[in-house]
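**Q** sequence first, predicted coordinates after that:
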Amino acid sequence: MFGFEGDTIASALHAGEVKTFSTSLVYNNPRGFFCGIGKCSSCLMRVNDIPNVRTCIAPLKENIHVEIQNRLPDLPKASFEQIPIESLSFDVLTIGAGPAGLCAAIEAAQKGAQVLIVDENQKVGGQLIKQTHKFFGSKQEKAGTRGVDIAKELENELNILKSQGKINVMLDSTVIGYYESKKNHLFGVVKRNDYKSQFLEINCKAAIIAVGAMENMILFPNNDLPGVYGAGAVQTLMNVYGVKPGKNVLMIGAGNVGLIVAYQLLQSGINVDRVVEAAPRIGGYHVHAAKLRRCGVPIYTSHSIKEVVGKEKVEGAVIIKLDKNWQPISSSETIVDCDTVCLAVGLTPSTRILSQINAEMEIIPEAGGYVALHDESMQTSVKNIFVCGDSSGIEEASTAMIEGKIAGISSALSIGVTKDKENLLKYIDELKLLRAGPFGDKPRAAKKIINKLVKI
Amino acid sequence: MKNYEKTGVLSNNDITIPDLQYLKRGVAIVECIQHIPCNPCVDSCPFNAISMKDINDLPVVDFERCVGCGKCISVCPGLAIFLVKIKNKKALISLPYEFNPVPKLGDNIIALDRMGVNRGSALVKRVVKSGKTSVITIEVDDSLAMEIRNIKV
Ligand SMILES: Cc1cc2nc3c(=O)[nH]c(=O)nc-3n(C[C@H](O)[C@H](O)[C@H](O)COP(=O)(O)OP(=O)(O)OC[C@H]3O[C@@H](n4cnc5c(N)ncnc54)[C@H](O)[C@@H]3O)c2cc1C
Ligand code: SF4
Ligand code: SF4
């Protein structure tokens, strides 16, 4: 098979029409990949005899051998064995190089901290690199600029600091754990190289957790068939790798993500049959809904997906009307002809590292689930552990960037490399302003609880 | 609940339609009716014709100040700004367009309304590319001035 340099294994397989990546443990059902951003496990395959390679983020290399991983893989032969553990020390470790992490790392470095930023992808930018639409917000947060261009601007700033020796960047590397340490904070990092892994210990005075969020799944028969994807996966395939996820898409969810991804599918020449939304009203911005409607895509509110039909892959779907209490109305089913079902039903903050650190956590529905409590400086209940962006509660890139800046400055202040508080209050005010409208109700309520509960 | 919250389609009652005197001169119609945190339209206008109290407020066009230059159209991330000019029983509508292929001057294309319904053909009078958003000006019958909001090439 062929692929292009810069492809991941998963995107190249997809381009070659291979959509089954594994089979399920009990029923042996075919499975394709779902999240496309390295957060779920449906793309695990065996590559060059190494099992459990996350193919949606693993770079494509020449002459590799990729196999479907049938059921439980054999344990890998200790792949760290021959490579010695490396130990490194930094002032500030930033985990995740999305908009939040990049802004945090840049601010901390500018204030004089020695920074390491780690991301498990091959590129920095997080979710921004697939967002080909222009952003909302104000001029300071680069409104009117496309997400991918914001990512490039941030990357340029990062590269300048890198060339000055103020920031170190480690890509294709995952922070896998937190270890107790008498002094400072200690993290374990796995750095991949030719699908083999090296283990590193990172010692730091402060850490900023900016690991983003995971796509939600909903329950319906056949939700694991190849062709059912998260919205992020669809966006990644078409906008980052130029691969069409399918020909005819049913979109589930009329929040901003669903509306935007549906529009981008149209821009890529893919048909969107309709958008289905369980709530009685469209959740995303009206302007996004209007763009879709004037291209002729209908939006069905008070509707949900009942099941997907198909044997080896998606061959269609059944949708159903919901009543006032969100209960399905019998005999209101419609069959939709589609080869792809895209789920845009919300995100859940990624917080596993934070629970491991033992930061105080709380379920806050408005924030998308479990989140770490934090104060206005973005510090959690654990000293010198900061959180920002979607990982601190689902919001937007604009707020993620400001939260990142706040966390970056606060970390530098907290470890004593600077006393310069300038800008900190300005950013805190900007954040309040962005959340002041009705669409800010949820984050505002969430952050109020988060901030109130925290006792540091 | 307003109907557009369910359908995603505005009616002409949901927006401010300028008087004929302004439409004859050509002015910006801003179809942005929700309090969202967004304001690049305000900064984009060289004539300070669009205003907003704060970033979550609704944009308001001062039709006295708007000269119909169309600069705001390609800046708006919501693709919610259109320019309408009525002249000799015809309406010139400028709209943002983000699809390939981009139509050429003199092409006959299909005019779509807010529901994406085909409302007949339209003549392309002007094409301005601004980054990846093009601003296309089409000519339709003046009765369709407040109906046509998209095109299909
Ligand atoms: C379709 C869509 C449209 C959107 N449109 C807009 C919009 O118009 N305006 C707007 O403001 N926002 C928008 N957003 C939201 C915005 O993209 C997110 O809120 C923003 O990207 C969150 O930034 P972040 O840095 O917190 O997380 P992310 O961008 O998700 O970055 C997290 C990074 O952390 C890395 N990572 C995770 N775990 C680890 C680990 N253990 N080790 C190493 N690295 C790790 C990931 O690889 C990733 O690169 C949109 C989102 C989507 C999905
Ligand atoms: S058309 Fe020109 S003058 Fe009128 S509001 Fe837009 S930018 Fe301002
Ligand atoms: S730029 Fe567009 S979407 Fe943003 S406030 Fe102005 S009109 Fe509305």
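**A** Cool, the structure landed. Ligands and ions are numbered 1, 2, ... in the order given.
**Q** hang on, residue A:158 packs against residue A:105?
**A** Yes: counting by Cβ atoms under 8 Å, residue A:158 sits close enough to residue A:105 to count as a contact (7.0 Å). For glycine as for every other residue, the C-beta is placed from the backbone atoms N, C-alpha and C.
**Q** after the longest strand along chain B comes which helix or strand?
**A** If you go by DSSP state E, chain B has its longest strand at strand B:118-130. Next along the chain after strand B:118-130, taking DSSP states H and E as the criterion, comes strand B:133-141.
**Q** residues in contact with the residue nearest to residue A:121 when sequence neighbours are not counted?
**A** Of all residues not flanking residue A:121 in the chain, residue A:57 sits nearest, at 5.8 Å (Cβ to Cβ, 6 or more residues apart in numbering or on different chains). Shown in contact with residue A:57 (Cβ atoms under 8 Å, 6 or more residues apart in numbering or on different chains): A:8, A:37, A:38, A:120, A:121, A:122, A:172.
**Q** switch to 6 Å and redo it
**A** A:8, A:38, A:121 (Cβ atoms under 6 Å, 6 or more residues apart in numbering or on different chains).
**Q** I'd like to know which of these are buried.
**A** Listed as buried from the contacts of residue A:57 are A:8, A:38, A:121; burial here means 16 or more other Cβ atoms under 10 Å in any protein chain shown.
**Q** element containing the second one, please.
**A** Taking DSSP H and E as the definition, residue A:38 sits outside all helices and strands.
**Q** my guess is it meets residue A:120, correct?
**A** Yes: between residue A:38 and residue A:120 there is a contact under Cβ atoms under 6 Å: 5.5 Å.
**Q** quick revisit: looking at residue A:158 and residue A:105, which has the bigger crowd around it?
**A** More crowded of residue A:158 and residue A:105, by other Cβ atoms under 10 Å in any protein chain shown: residue A:105, with 36 against 23.
**Q** SS state for the more buried one?
**A** Of the three states, residue A:105 takes helix under DSSP: H, G, I helix; E, B strand; the rest coil.
**Q** go on, residue A:413?
**A** Of the three states, residue A:413 takes helix under three-state DSSP.
**Q** spatially nearest residue to it (excluding sequence neighbours)?
**A** Distances taken as Cβ to Cβ, 6+ apart place residue A:421 nearest to residue A:413, at 6.7 Å, with adjacent residues excluded.
**Q** what are the ranges of the helices in the chain?
**A** In the absence of a named chain, this looks at chain A. Along chain A, the segments classed as helices by DSSP state H run A:9-15, A:99-110, A:147-163, A:231-235, A:256-267, A:286-293, A:352-357, A:397-414, A:424-434, A:441-453.
**Q** hmm, I had chain B in mind actually
**A** Secondary structure of chain B (DSSP H): helices at B:3-7, B:20-25, B:40-44, B:71-75.
**Q** tell me how many other residues crowd residue A:344.
**A** Close neighbours of residue A:344, defined as other Cβ under 10 Å, add up to 29.
**Q** list the contacts of it.
**A** By Cβ under 6 Å, 6+ apart, the residues touching residue A:344 are A:231, A:253, A:257, A:258.
**Q** alongside ligand 3, which residues does chain B contribute?
**A** B:30, B:32, B:38, B:39, B:40, B:41, B:59, B:76, B:77, B:78, B:80, B:81 (Cβ under 6 Å from any ligand atom).
**Q** tell me the contacts of residue 148?
**A** You didn't pick a chain, so chain A it is. Contacts of residue A:148 (Cβ under 6 Å, 6+ apart): residue A:129.
**Q** right idea, wrong chain: chain B
**A** If you count contacts by Cβ under 6 Å, 6+ apart, then residue B:148 has B:93, B:111, B:140 around it.
**Q** mind checking how far the first one is from residue B:1?
**A** Applying Cβ to Cβ, to the nearest Å, the value for residue B:93 to residue B:1 is 29 Å.
**Q** ok, now the second one?
**A** Residue B:111 is 30 Å from residue B:1, where distance means Cβ to Cβ.
**Q** more crowded one of these two?
**A** Between residue B:111 and residue B:1, counting by other Cβ under 10 Å, residue B:111 is the more crowded of the two (24 against 8).
**Q** list the beta-bridge partners for the more buried one.
**A** Beta-bridge pairing for residue B:111 (DSSP bridges): residue B:151.
**Q** quick check: it touching residue B:118?
**A** No: using Cβ under 6 Å, residue B:111 is not in contact with residue B:118; the gap is 7.5 Å.
**Q** ok, whichever residue of chain B sits closest to ligand 1 - contacts?
**A** Per Cβ to the nearest ligand atom, residue B:77 is where chain B lies closest to ligand 1, at 7.0 Å. Counting by Cβ under 6 Å, 6+ apart, residue B:77 makes contact with A:134, A:135, A:136, A:144.
**Q** can you narrow these to ones near ligand 1?
**A** Restricting the contacts of residue B:77 to contacts with ligand 1 (Cβ under 6 Å from any ligand atom) yields A:135, A:136.
**Q** which of the contacts of residue B:77 lies closest to ligand 3?
**A** Each of those was scored against ligand 3 by Cβ to the nearest ligand atom, and residue A:136 proved nearest at 6.1 Å.
**Q** now the closest one, nearest residue through space, not along the chain?
**A** In space, and not counting its chain neighbours, residue A:136 is closest to residue B:38: 4.1 Å by Cβ to Cβ, 6+ apart.
**Q** find the closest residue to ligand 2 in chain A.
**A** Chain A approaches ligand 2 most closely through residue A:144 (13.0 Å), counting by Cβ to the nearest ligand atom.
**Q** got a list of what the residue nearest to that residue when sequence neighbours are not counted touches?
**A** Leaving out its chain neighbours, the residue that sits closest to residue A:144 by Cβ to Cβ, 6+ apart is residue B:40, at 3.9 Å. Residues in contact with residue B:40, defined by Cβ under 6 Å, 6+ apart, are A:143, A:144, B:75.
**Q** ok, now how distant is the last one from residue B:42?
**A** It refers to residue B:75. From residue B:75 to residue B:42 the distance is 10 Å (Cβ to Cβ).
**Q** count the neighbours of residue A:318 for me.
**A** Around residue A:318 there are 15 residues (other Cβ under 10 Å).
**Q** same question, the one 10 residues further on
**A** When neighbours are defined as other Cβ under 10 Å, residue A:328 has 15 of them.
**Q** thought residue A:319 was touching it, still the case?
**A** No: if you go by Cβ under 6 Å, residue A:328 and residue A:319 don't touch, sitting 10.0 Å apart.
**Q** re the thing from before, could you find the closest non-adjacent residue to the residue of chain B closest to ligand 1?
**A** According to Cβ to Cβ, 6+ apart, the nearest residue to residue B:77 is residue A:134 (3.6 Å).
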